[in-house]
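>>> give me a 3D structure for the following:
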Amino acid sequence: MEKLLEELKRRHQWAAANPYPCTTAVSDFANDLVNWLFPEHTGKVMAAADLAPYAQKLEQQLQQLLHTMQPQLPDTAAQLSQHFMAQVPSIYDDLTKDATAIYQGDPAATCLYEVIRAYPGFYAIAFYRIAHALQQLNIPLLPRMITELAHARTGIDIHPAAIIAPYFCIDHGTGIVIGETSVIGAHVKLYQGVTLGALSIDKSMAKSKRHPTIEEHVVIYAGATILGGDTTIGHHSVIGGNVWLIKSVAPFSRIYYKADGSMNVVEAV
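The predicted model follows:
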């Protein structure tokens, strides 16, 4: 026990010297931001006169989160908060396009309100876009905390460093994994259980391109696994359910398993 207590003492001392904000405060900021942009998110509607002051409140919220971890930051908490808020209009534009893509891509969706309020795909994408903006500012850990909040709630695991264009549609979503160096073009649709992952590599390759590139207007059906940083799925392709890919396919390809278990690859000539 004495040995354990001594180890815990060192661990707690290290944590005190390298502080990060509590998870509850991070969750409050992300949810408050989404609700400010989309009141459908929780149904909490604000008066017009409160919208601008609330933007200042959100900036202060973020600044307080960042102030906690100031020694780890590349700039002051105040400057980074201002830089982030300057990106919020772009985040809103992209999320509006994402919600539209989900609504248009799912026959069961009755309206945009339903998508924003109830769809796990929209929730996960919203948290990803917030986290990605923070990641672009070289803020450590906080972006991952935000995407992991969405992961815990939805089962959708999107690394904040992934690059995802707008009009991104996630249908159902549970079990989706999008790795750190994934690049996804516009108008891509993913079903549940899709993995955009890395081949088994050494830790020394952590900064390399390890995850696939999915070009625009691609549909990837449930359970498909696409691996490797050199793997590119050409635009306007359809990847069938449970397909396993570790090599690139040309634009306009159709890849699926036949009833006998063999894979059929149809590429546009």
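>>> other SSEs contacting the helix or strand that contains residue 88?
If you go by DSSP states H and E, residue 88 is part of helix 77-105. Secondary-structure packing of helix 77-105 (3 or more CB pairs under 8 Å, 6 or more residues apart in numbering; DSSP states H and E): helix 23-37, helix 48-68, helix 112-118, helix 120-136, strand 169-170. All C-beta spots, glycine's among them, are computed from the backbone N, C-alpha and C.
>>> if we go to 6 Å?
helix 48-68, helix 112-118, helix 120-136, strand 169-170 (3 or more CB pairs under 6 Å, 6 or more residues apart in numbering; DSSP states H and E).
>>> just the buried residues of the second one, please?
Read it as helix 112-118. By 16 or more other CB atoms under 10 Å, the buried positions in helix 112-118 come out as 112, 114, 115, 116, 117.
>>> pull the CA atoms of it into PDB?
Output of helix 112-118 as PDB, limited to C-alpha atoms (Å, rounded to 0.1, in the frame of the first residue of the first chain):
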ATOM      1  CA  LEU A 112     -34.800  19.000 -40.400                       C
ATOM      2  CA  TYR A 113     -36.000  19.600 -36.800                       C
ATOM      3  CA  GLU A 114     -36.100  15.800 -36.300                       C
ATOM      4  CA  VAL A 115     -32.600  15.400 -37.700                       C
ATOM      5  CA  ILE A 116     -31.100  18.100 -35.400                       C
ATOM      6  CA  ARG A 117     -33.100  17.100 -32.300                       C
ATOM      7  CA  ALA A 118     -33.000  13.300 -32.500                       C
END
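>>> average pLDDT across it?
Taken as a whole, helix 112-118 has an average pLDDT of 97.
>>> distance from it to the middle of the chain?
18 Å (CA atoms, centre = their mean, to the nearest Å).
>>> one more: the longest one?
For helix 48-68, the gap between its own C-alpha mean and the chain's C-alpha mean amounts to 22 Å (CA atoms, centre = their mean).
>>> just for the chain, where's the confidence low?
Filtered on pLDDT under 70, the chain yields the residue ranges 268-269.
>>> which secondary structure element contains residue 140?
Taking DSSP H and E as the definition, residue 140 sits outside all helices and strands.
>>> returning to what we had before: burial-wise, tell me which of the helices and strands packed on helix 77-105 comes out on top.
Comparing the helices and strands packed on helix 77-105 by mean neighbour count (mean count of other CB atoms under 10 Å), strand 169-170 ranks first with a mean of 28.
>>> check which residues of stretch 31-49 are buried.
Residues of stretch 31-49 classed as buried: 31, 32, 33, 34, 35, 36, 37, 38, 40, 41 (neighbour count, 16+ other CB under 10 Å).
>>> residues touching the fourth one, list them.
Okay, so that is residue 34. By CB atoms under 6 Å, 6 or more residues apart in numbering, the contact set of residue 34 is 41, 126.
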